[in-house]
Each structure stands twice: as C-alpha cells, then as structure tokens.
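> make a model of this:
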Amino acid sequence: MMHTKKPLHHLHGIKREQASTRSQRVRLPITVEILHKIYSVLSKAPTEYQEIMLWAACCTAFFGFLRVGEMTVPSQDAYNNSVHLSLGDIALDSRTSPTIIWLTIKQSKIDPFRKRIKLCLGLTDSVVCPVKALLPYLAIRGSALGALFLSECNAPLTRAQFKTLLSTTLKKAGLDDSQYNTHSFRIGAAISAKAAGISDTYIQLLGRRKSTAFQGYIKTPTNVLTKLSKQLASIPDPPPM
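Below is the predicted model of the structure:
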C-alpha cells in the first residue's frame, strides 16, 4: 500500500494549528481575591515552614510581577548565585520597623545583558502584603547564603516544587488548580492593578514590559513605588470566617 507524502507546507500548517491549540489553554489570573483564599489555607498552619515559605513566595511573585523563573531554579543542582534570586538580593529600609523590601533581579527574560533591576515591595494595609509575608519567612530561613526561597530540606526551590505546592493549596481553597499556573501571579497582578486604578504607565513599569524598565524604576520616587503596593492590595480584607 502506497503512502502519499504530505507537502511540507501542510506539515507546517498542522504545527501552527497544534501550537495555537496549546496557547489557548485556560490560564486564570491569581488576583488579590485569590490570594486571600490562598492565605486562608496557609494561615491555618502559621508556624509551619512550608506554609510560611509558600506564602512569602506567592506575595513576592504577585507584588513583584515576577516570572516564575526569576524566583525559582530549574533544578536543585542548577542554582547559580550570579543568576538566581538569592538572600543577598534582599534589602530592608529599616532593621527595626521595615516598610520597604528591595528585591534585586539579576537576570530576566527582558534583561539579557544583566543590567539588574531593583523592585520595591512596600508595606500594605492588608494581610496580602509582601513585607508582612517575607519578614517571618526570612526569620525562619536563617542567614545561610544561597537561594532566597528554600524548600524544607534547605534546597533551592524549583519551579516544579513551587507549582506543586501552589496546586495543592488552590485545591484546598476549593479552586480548580488545573486552570492556574505559576504565571497566573503576573497576569493577576496586572489585572488587580487595573482594578485598583493604577495607571497603564505604572502597570507597564511594574510589569517590566520593556527592557528599559529599569530606567523607570530609577526615575520613580520610592514613595510612589511603595504607594503602588498599597494600591495594588486595596481590595478590603474579607471578614473573619
């Protein structure tokens, strides 16, 4: 039986169609409202390392508009201090009563030349707060050099581990975890920012949509950047259950 060879252009068409189908996969945003639901699950174990670490990672991803690769490692043996987010990339504005945490991103998708950018995470009036989430984590993490986010076995947090922990938490919160992924934080941050009345200019700045975004951070006053964190978390905390 003879098989007719498909024309090359036909094969390319199939690949494009398959790629289009994959790109249409549902990916819901993790907004402030969803973060409250995540917090309601994780706060039930307020002294457990894993829950404290995960909450800190979630808030950092959201308020930093981070891509997951900017805060995790591909594998535990792939950690590179000159590339990945490390403890040394954190700076507080005060040792006693910090209201700002500066986060240095050494390399990202839009920064191939590693110019670095400092992100400003400000204190908010909500339980959804990067400062309130990171301080307890930093206290239990300890001062050992290495990746900022460590698993319970003191190994760098991988993308796969973060995704698994997030999925488990979303399920416990009564959500369909298959409709969310680690990029949902970045999408949700932009949507929440728009809903909170933050201008498109600042949303573009926070999201680092262009390779020149680091220049915008340098030019933008710190008090404006910290105010954006408060505004981003401006949806009121839900009443106690």
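
> only C-alpha atoms from now on, for both contacts and neighbour counts.
Will do.

> and the residue nearest to the spatial centre of the chain, backbone torsions?
The centre of the chain sits closest to Ala61, judged by CA atoms, centre = their mean, with a distance of 1.6 Å. Here is the backbone geometry of Ala61 (degrees, to the nearest 10): phi -60, psi -40.

> contact partners for it?
Arg67, Val68, Met71, Phe185, Arg186 (CA atoms under 8 Å, 6 or more residues apart in numbering).

> what about the third one, distance to Val224?
Right, the one you point to is Met71. 24 Å (CA to CA, to the nearest Å).

> those two: who's more crowded?
A side-by-side neighbour count of Met71 and Val224, using other CA atoms under 10 Å, places Met71 first with 23 against 12.

> got a winner among the contacts of Ala61 for most neighbours?
Busiest of these [other CA under 10 Å] is Phe185, holding 29 neighbours.

> for the protein, give me the ranges with low pLDDT.
1-26, 108-115, 209-221, 235-241 (pLDDT under 70).

> let's see it at 80
Low-confidence segments of the chain (pLDDT under 80): 1-26, 107-116, 205, 207-227, 235-241.

> any chance you could map the strands in it?
90-92, 100-105, 117-122 (DSSP state E).

> please work out which of those is packed deepest.
Neighbour counts (mean count of other CA atoms under 10 Å) averaged over each of those peak at strand 117-122, with a mean of 22.

> what's that one in contact with?
So strand 117-122 is in contact with 60, 63-64, 99-106, 129-131, 214, 217, 222, 225-230, going by CA under 8 Å, 6+ apart.

> what are the pairing partners of that strand, and which direction each?
If you go by DSSP bridges, strand 117-122 pairs up with strand 100-105 (antiparallel).

> extract the C-alpha set from the partner strand and format it as PDB.
Taking Å, rounded to 0.1, in the frame of the first residue of the first chain, the C-alpha atoms of strand 100-105 are listed here in PDB:
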ATOM      1  CA  ILE A 100      10.000  48.500  52.200                       C
ATOM      2  CA  ILE A 101      11.800  45.400  50.900                       C
ATOM      3  CA  TRP A 102      14.100  46.000  47.900                       C
ATOM      4  CA  LEU A 103      14.400  43.000  45.600                       C
ATOM      5  CA  THR A 104      17.300  42.900  43.100                       C
ATOM      6  CA  ILE A 105      16.500  40.800  39.900                       C
END
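
> got the contact list for it?
With CA under 8 Å, 6+ apart as the test, strand 100-105 has contacts from 70, 85, 89-94, 116-123, 131, 226.

> off-centre distance for that strand?
13 Å (CA atoms, centre = their mean, to the nearest Å).

> cool, and stretch 96-111?
On the basis of CA atoms, centre = their mean, stretch 96-111 sits 12 Å off its chain's mean C-alpha point.

> which among the contacts of Ala61 gets closest to Pro136?
Distance to Pro136 across those (CA to CA) is lowest for Met71, with 17.9 Å.

> which ones are touching the closest residue to the closest one other than its chain neighbours?
Distances taken as CA to CA, 6 or more residues apart in numbering place Leu85 nearest to Met71, at 5.5 Å, with adjacent residues excluded. Contacts here follow CA under 8 Å, 6+ apart; on that basis Leu85 touches Glu70, Met71, Thr72, Thr104, Ile105, Lys106, Ala147, Leu148.

> which residues does Ser151 contact?
Gln50, Met53, Leu157.
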